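Novice: quick one, what's the 3D model for this:
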Amino acid sequence: MKDTYKGELFRDVVAALEQAGHKMCVLRNYQSYPENLGHDVDAISENPGQIPHILSEQRVAAVVQDYRDETLFLAGSVPIQAKHIYVLCKWHRNEPVFIQLDVSAELRYFGRLFYGGEEFLRASRPFKFFKVPSAELEFGAYLIKHIAKRTLNEAKFRRLTELYGEDPAGCDRQLARFFPKAEATFITDSVSRGDWKPVLGAIDRLKLELLDTAGREPPLRSLLHCLDARWRRLERFVRPPGLMVAFLGVDGAGKSTVIARVSLDLVPAFQDIKQYHKRTFPSAIEWTKRYLLRARPGELEEEGVPVHKDGSVPSYDSSAQPPSKLHDPHALQPRKLIVSLAGLGFKWANYTLSGYAADIYPRLVRSTLVLLDRGYHDLLVDPKRYRYGGPAWLARAVGWFIPRPQLVILLDAPAGVLYSRRRELPFEEITRQREAYLELTRNLPNGHVVDASKPLDEVVVRVEQLILDYMAERTARRSKYNLKSILRGDPALRS
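Specialist: Reported below is the predicted structural model:
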């Protein structure tokens, strides 16, 4: 059913662009649209930068991601291609539906401009309710792309053969346009026989001939394009499209369960999802410790911790009772003052340098959703769990120098509900922690409280609304357009 909703959203997007007089042409893989949109929709547009503004004005969908994908060749020397990536979201019956638009204004590879957008848009033809390229231009663009990127395969061969059969004369014109006569004849002979193996075997030679025939743009224009690509990459590094979210809450609030659901539901909005479970300071050092523990499953079993056949340790649902050895997080006494202070300094460096700088931030640049089960704030509420015996004011001061998540979400429930789910701690301690969490979260500008006593589906919807609302507002702010309360205020988008 989700594919049906994606198709409906795509139909609404096309209608909104047409109503605004904006020309867009779907480039490839559209034969099964709108029933099966796949991972993304590749399109060419007269002005890709206008699309978020149009969709916002007409309240069709929320743009939760908007960034440029600058794929570079030879460590950044020449851009292979550049495109706008828009992730659109619309709610349907308390479930987010996403489609990804990959939109270009022109077709450019390795510093060569092969097709301008206007040529495609002028020759586009109707297909169902949207526009697609003419067979001639689709053949040329499809062949050029996969020869330039060396990604030809049997499925792509079949599509090229179909397009050639629709307009042999037009396809021959495109071959003559980008290849020397001998190479164009060679490709024509292969496609007429339906045998692409010779082309596949000669792909390196064809790529060189293609790039030589196309020729580079004038030096000044090529330089400006390269500088623009580098600027876009710098912009993405300074303002990464990823998102870091920390989940707080007393044991039994359901953090692990909610994180697992959010990870599944929000996959289409990001390039990747990364979870850090119950590790306040994730870093390479802790990964090494985890690997060594997995390498010694016998020792873990002796301690009462179950181990899978592959050596991994299972995670536990928030409502399940953990093994006896994990019952009391306060079983060990706090460390002495000097040891606690040294440990606090080490953990700060461990997380900030080898954890955040070396691992988390690069993931954010690659558009990853980073989900933290707990986080540094947990140390301020429950220092006994981390055996911290130093002054609370110092821990709070160090917290100002810890990289902060964009969102902090507290899963809260009445103390009686939390105690009935997990009885690791006395009722009085659960009450104290709950009040401390509430006070801490309410004092955070990015803190949000979610009622975790409600049914799981309602909790997950509320958490996802917070994340997607934040992303839509951030996208509007970065792209400098007026967000029309798409996710929050329009009942049509929460149908």
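Novice: just the C-alphas of the helix or strand hosting Leu210, formatted as CSV.
Specialist: Leu210 belongs to helix 203-214 when assigned by DSSP states H and E. As requested, the backbone C-alpha atoms of helix 203-214 are provided in CSV (Å, rounded to 0.1, in the frame of the first residue of the first chain):
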residue,chain,number,x,y,z
ILE,A,203,33.7,0.2,-22.9
ASP,A,204,37.0,1.7,-21.8
ARG,A,205,37.9,2.7,-25.4
LEU,A,206,34.4,4.0,-26.0
LYS,A,207,34.6,6.2,-22.8
LEU,A,208,37.8,7.8,-24.0
GLU,A,209,36.4,8.4,-27.5
LEU,A,210,33.2,9.9,-25.9
LEU,A,211,35.1,12.3,-23.7
ASP,A,212,37.5,13.3,-26.5
THR,A,213,34.7,13.9,-29.0
ALA,A,214,32.6,15.9,-26.5
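Novice: contacts made by it with the rest, please.
Specialist: 110, 112, 114, 144, 147-148, 150, 152, 178-180, 183, 187, 199 (C-beta atoms under 8 Å, 6 or more residues apart in numbering). Bear in mind the C-beta positions are built from the backbone N, C-alpha and C, glycine included.
Novice: how does it look with 6 Å?
Specialist: 112, 147, 150, 178-180, 183 (C-beta atoms under 6 Å, 6 or more residues apart in numbering).
Novice: do the same with stretch 51-64
Specialist: With contacts defined as C-beta under 6 Å, 6+ apart, stretch 51-64 is touched by 12-13, 16, 20, 22, 66, 86-90, 269, 468, 471-472, 475, 479, 481, 483-484, 486-487, 490.
Novice: report the buried members of these.
Specialist: The neighbour count (16 or more other C-beta atoms under 10 Å) marks 12-13, 16, 22, 66, 86-90, 269, 468, 471-472, 475, 479, 481, 483-484, 486-487, 490 as buried among the contacts of stretch 51-64.
Novice: among the residues you listed, name the ones in strands.
Specialist: Counting by DSSP state E, the buried ones among the contacts of stretch 51-64 place 66, 86-90 in strands.
Novice: of those residues, just say which sits nearest to Met244.
Specialist: Nearest to Met244 among those is Val87, at 17.4 Å by C-beta to C-beta.
Novice: quick one: that closest one and Gln271 touch, right?
Specialist: No: using C-beta atoms under 6 Å, Val87 makes no contact with Gln271, being 9.9 Å away.
Novice: and the next helix or strand past the helix or strand in which His377 is found?
Specialist: His377 belongs to helix 376-381 when assigned by DSSP H and E. Next along the chain after helix 376-381, taking DSSP H and E as the criterion, comes helix 392-399.
Novice: okay, buried residues for that next one please.
Specialist: Going by neighbour count (16+ other C-beta under 10 Å), the buried part of helix 392-399 is 395, 398.
Novice: now stretch 107-124
Specialist: 107-115, 117, 119-121, 123-124.
Novice: among those residues, show me the least confident.
Specialist: Ranked by pLDDT, the buried residues of stretch 107-124 bottom out at Gly111 (71).
Novice: for Ala214, see how far away that residue is.
Specialist: 9 Å (C-beta to C-beta, to the nearest Å).
Novice: start and end of stretch 405-423, how far apart?
Specialist: Stretch 405-423 has its terminal residues 29 Å apart, counting by C-alpha to C-alpha, to the nearest Å.
Novice: okay, now the unreliable bits of the stretch 351-495 of the chain?
Specialist: 482, 484-495 (pLDDT under 70).
Novice: cutoff 90 now
Specialist: 351-359, 374-379, 382, 384-387, 389, 399-402, 421-425, 476-495 (pLDDT under 90).
Novice: may I see the buried residues of the strand or helix carrying Ala182?
Specialist: Taking DSSP H and E as the definition, Ala182 sits inside helix 181-193. Residues of helix 181-193 classed as buried: 183-184, 186-188, 190-191 (neighbour count, 16+ other C-beta under 10 Å).
Novice: now for those: which two are most distant?
Specialist: Farthest pair in these, by C-beta to C-beta: Glu183 and Val191, 12.7 Å.
Novice: dump the strand or helix carrying Leu341 to PDB, keeping only the CA atoms.
Specialist: Applying DSSP H and E as the criterion places Leu341 in helix 337-349. Extracted in PDB, the C-alpha atoms of helix 337-349 (Å, rounded to 0.1, in the frame of the first residue of the first chain):
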ATOM      1  CA  LEU A 337      37.200  11.700  43.100                       C
ATOM      2  CA  ILE A 338      40.600  11.700  41.300                       C
ATOM      3  CA  VAL A 339      39.600   8.600  39.200                       C
ATOM      4  CA  SER A 340      36.200  10.100  38.400                       C
ATOM      5  CA  LEU A 341      37.800  13.400  37.200                       C
ATOM      6  CA  ALA A 342      40.400  11.600  35.100                       C
ATOM      7  CA  GLY A 343      37.700   9.400  33.700                       C
ATOM      8  CA  LEU A 344      35.500  12.400  32.800                       C
ATOM      9  CA  GLY A 345      38.300  14.100  31.000                       C
ATOM     10  CA  PHE A 346      39.200  10.900  29.100                       C
ATOM     11  CA  LYS A 347      35.600  10.300  28.100                       C
ATOM     12  CA  TRP A 348      35.300  13.900  26.900                       C
ATOM     13  CA  ALA A 349      38.300  13.400  24.600                       C
END
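Novice: how distant is the helix or strand following that helix from the center of its chain?
Specialist: Toward the C-terminus, helix 337-349 is succeeded by helix 361-365 as the next helix or strand (DSSP H and E). Distance of helix 361-365 from the chain centroid (C-alpha atoms, centre = their mean, to the nearest Å) equals 11 Å.
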